[in-house]
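A.B. asks: Need a 3D model of the sequence below.
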Amino acid sequence: MSDTPYDEHFVSWFRAVTPYINAFRGKTFVVAFGGKAVASEFLKTLAYDVNLLASLGIRLVLVHGARPQIEEELREKNLESVYHRGYRVTDAQALDCVLDAVGSVYLEIEAILSQGLPNTPMANSRIRVIGGNFIIGQPIGVLDGIDMQYAGKVRKVDADGINAQLGLGNIVLLNCEGPSPTGEIFNLQMEEVAEAIAVAVKADKLVFLTDSRGVTDKDGELLDAMTADEADKMLGGSDWLSSDIRRYLPCGCRATRAGVGRVHLIGYAQDGALLRELFTHDGVGTVITRESLENIREAKPDDIAALIALIEPMEEEGILVHRPRELLEREIDHFSIMLHDGIIVGCAALYPHSDEDAELACLAVSHEHREWGYGEQLMKRIERRAKRLGIKRLCVLTTRTEHWFVERGYRLGTVDDLPAKKRDMYNYQRRSKVLFKTL
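C.D. replies: Predicted coordinates:
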């Protein structure tokens, strides 16, 4: 049987996700979702997606909320729902409703995860779900003269206990209740619990499943990436954001600043959104990172000495073409640089070859910073610069990093596809691979 377009698409897709599978194995992800997600169609696919992630060697902590379920319990008992500063004022009667609702939701999720996966390719696999008293709560106390009673905040996370369970291959499932050392139980906010856990276990990712596809601007356009600083500024006046985003975004910003690698906000309504966000380059939601884009800037003549120190080792290895100091001085305006703590740790250059074609060149990151995502940030910086100039297509010549560029949307081409100016300069002795990306 001859290959079909579907077969080709599958092979291409499978190769594209392989780097993510390798990168995520052994990493810790905290996935948080509220009661609205539990009540939606999302819960039906949760077991499959969680099992898939676990089978890839990802260490998972699931944190759930139960806000709408608590509201329903209060209505059934004719009790008023009272909030102050975003926290539920929780008296003894409200606490009973919290315990009933949260317990019911927890058991529902546990049952879904424990029932197996009939009629799926993973039908014989089994998910081991572990709960426990890994969260210690404490009372919020009195806010603005209002006694919050059993409304609480996270006091301590038993990170060692959670990591021990993750090390055994178990999935840890936690809710928004926090017992205190004195035996009282406090009603915690799910997003604050997820934040505290992610920070305590040094999670590589914190994922919030929300009632929105991610963070959007005023026009409803999705913002695929933001820094914590940019997110903080947006929260100052963002009445267009959904209720989930307004609650989760501050926690995400704090988490990234406290050491969590990435925070993702994605919609639970779209089937497969979790997998598409994690295993595709562009994703489907918003990712929050700690580093400010202000750490990237255009290069200046004063940067030449540091640039030479950065790229010389790679020139000696043959990874980069040798650039004499005089050439760097003439072409310094082409370069963008990445700084960490005031030190240049990466660079990339943009060389226009025609009105519509340009080259991304000399993309380099110091060895000790290559796991920080700086190369990708520099690549995006050059792509944005090119778009502002009206460039329609970028080319890259590389001898070592072909796959890295392919994973980020570049496609293989030939020397004949290069702009005439660059084609005439092509060094056939280096036999560099030629890649292109349409902007």
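A.B. asks: Quick one: the helices in the stretch 101-250 of the chain, in order.
C.D. replies: Remark: helices assigned in the stretch 101-250 of the chain by DSSP state H, counting those that start in this stretch are 159-167, 190-200, 228-235, 243-257.
A.B. asks: closest one to Gly285 among these?
C.D. replies: Closest approach to Gly285 among those (C-beta to C-beta): helix 243-257, 10.4 Å. (Glycine included, C-beta is placed from N, CA and C.)
A.B. asks: can you pull the buried residues of that closest one?
C.D. replies: For helix 243-257, the neighbour count (16 or more other C-beta atoms under 10 Å) marks Asp244, Ile245, Arg247, Tyr248, Leu249, Pro250, Cys251, Gly252, Cys253, Arg254, Ala255, Thr256 as buried.
A.B. asks: count of residues packed around the nearest residue to the third one once chain neighbours are set aside?
C.D. replies: In this structure, Arg247 finds its nearest non-sequential neighbour in Glu191, 5.4 Å apart by C-beta to C-beta, 6 or more residues apart in numbering. Neighbour count for Glu191, taken as other C-beta atoms under 10 Å: 25.
A.B. asks: swap in Leu363?
C.D. replies: Neighbours of Leu363 (other C-beta under 10 Å): 22.
A.B. asks: repeat for Glu371
C.D. replies: Residues lying near Glu371 (other C-beta under 10 Å) number 11.
A.B. asks: repeat for Lys380
C.D. replies: Residues near Lys380, counting by other C-beta under 10 Å: 15.
A.B. asks: List the buried residues for the one helix or strand it maps to?
C.D. replies: Following DSSP states H and E, one finds Lys380 within helix 374-388. Neighbour-count burial for helix 374-388 flags Tyr374, Gly375, Glu376, Gln377, Leu378, Met379, Arg381, Ile382, Glu383, Arg385, Ala386 (criterion: 16+ other C-beta under 10 Å).
A.B. asks: Let me see the ranges of the helices in the stretch 251-400 of the chain.
C.D. replies: Using DSSP H, counting those that start in this stretch, helices in the stretch 251-400 of the chain cover 273-279, 304-317, 325-331, 374-388.
A.B. asks: would you put the C-alpha positions of the third one in CSV?
C.D. replies: Only the C-alpha atoms of helix 325-331 are listed here, as CSV (Å, rounded to 0.1, in the frame of the first residue of the first chain):
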residue,chain,number,x,y,z
ARG,A,325,36.6,42.2,14.9
GLU,A,326,36.5,44.7,12.1
LEU,A,327,33.5,43.0,10.6
LEU,A,328,31.7,42.9,13.9
GLU,A,329,32.3,46.6,14.3
ARG,A,330,30.8,47.3,10.9
GLU,A,331,27.8,45.0,11.4
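A.B. asks: what residue ranges in the stretch 101-250 of the chain score low on pLDDT?
C.D. replies: Low-confidence segments of the stretch 101-250 of the chain (pLDDT under 70): 115-126.
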